[in-house]
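Colleague: A predicted structure for the sequence below; I have some questions about it.
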Amino acid sequence: SQQGEEDPQALSIQEGENATMNCSYKTSINNLQWYRQNSGRGLVHLILIRSNEREKHSGRLRVTLDTSKKSSSLLITASRAADTASYFCATVSVGNQAGTALIFGKGTTLSVSS
Amino acid sequence: KAGVTQTPRYLIKTRGQQVTLSCSPISGHRSVSWYQQTPGQGLQFLFEYFSETQRNKGNFPGRFSGRQFSNSRSEMNVSTLELGDSALYLCASSFLGDTQYFGPGTRLTVL
């Protein structure tokens, strides 16, 4: 079952612009992660934010987490054509049986044109 | 370190057959998870293995099974294939149980 819902489903921007994607989830979480996928290939881990963190940065990426609203956002600054991909948020729920099962949202497809 | 490897990369089977997919995790990683990705259902968790024991299981029928060997390599098996099993099957390994590193996937087509 899907945990997260990304918004928007698709996003088209020009190189140099910022891209913001949002993710909402349903249950209490241990952490939330963002992944990128290029054209049906494997997923690449971008960033992990824990439930007691509110914001995290990694290069051109900024992630925020609001546990009271059960939502997160991913901001990519100064987008490049190479950022064109699908982006997924994934959560690990509290009470997960000592495992690391990721529950994914449906993803946002980002298209960056030059 | 070498990344997660999956074999084969592409597979075509017919309904009713069975299939075995293989995954070699990053050296030192003891947790291996499997996911199914389809256009309709998206990315769904199948199961996770840690030190040869299944630690977590998703909501899939018993036709889907897996195992992990002492060297942490993992296999998943799907018996009595159905058309709906056509998907990209992704394997991921993890060291501390947080960040998961994914392989390139196996594209299974069931005819």
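Modeller: That came in fine, so what should we check first?

Colleague: what's the closest non-adjacent residue to B:Pro8?
Modeller: B:Thr106 (6.1 Å; Cβ to Cβ, 6 or more residues apart in numbering or on different chains). Every residue, glycine included, has its C-beta placed from N, CA and C.

Colleague: Just the element for the residue in chain B positioned nearest to chain A, please.
Modeller: Closest to chain A within chain B is B:Asn56: 3.3 Å, counting by Cβ to the nearest Cβ. Using DSSP states H and E, B:Asn56 sits within strand B:53-57.

Colleague: where in chain A is pLDDT low?
Modeller: Residue ranges of chain A with pLDDT under 70: A:1-4, A:95-99.

Colleague: Which residue ranges of chain A form strands?
Modeller: Applying DSSP state E to chain A gives strands spanning A:5-7, A:10-14, A:19-24, A:29-37, A:43-50, A:55-58, A:61-66, A:71-76, A:85-93, A:103-104, A:108-113.

Colleague: Adding distance to B:Gly42, write the ones you listed out as JSON lines.
Modeller: Compiled in JSON lines, these are given as follows (distance: least, Cβ to Cβ, whole Å):
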{"stretch": "strand A:5-7", "distance to B:Gly42": "10"}
{"stretch": "strand A:10-14", "distance to B:Gly42": "15"}
{"stretch": "strand A:19-24", "distance to B:Gly42": "13"}
{"stretch": "strand A:29-37", "distance to B:Gly42": "11"}
{"stretch": "strand A:43-50", "distance to B:Gly42": "12"}
{"stretch": "strand A:55-58", "distance to B:Gly42": "25"}
{"stretch": "strand A:61-66", "distance to B:Gly42": "21"}
{"stretch": "strand A:71-76", "distance to B:Gly42": "17"}
{"stretch": "strand A:85-93", "distance to B:Gly42": "8"}
{"stretch": "strand A:103-104", "distance to B:Gly42": "6"}
{"stretch": "strand A:108-113", "distance to B:Gly42": "12"}
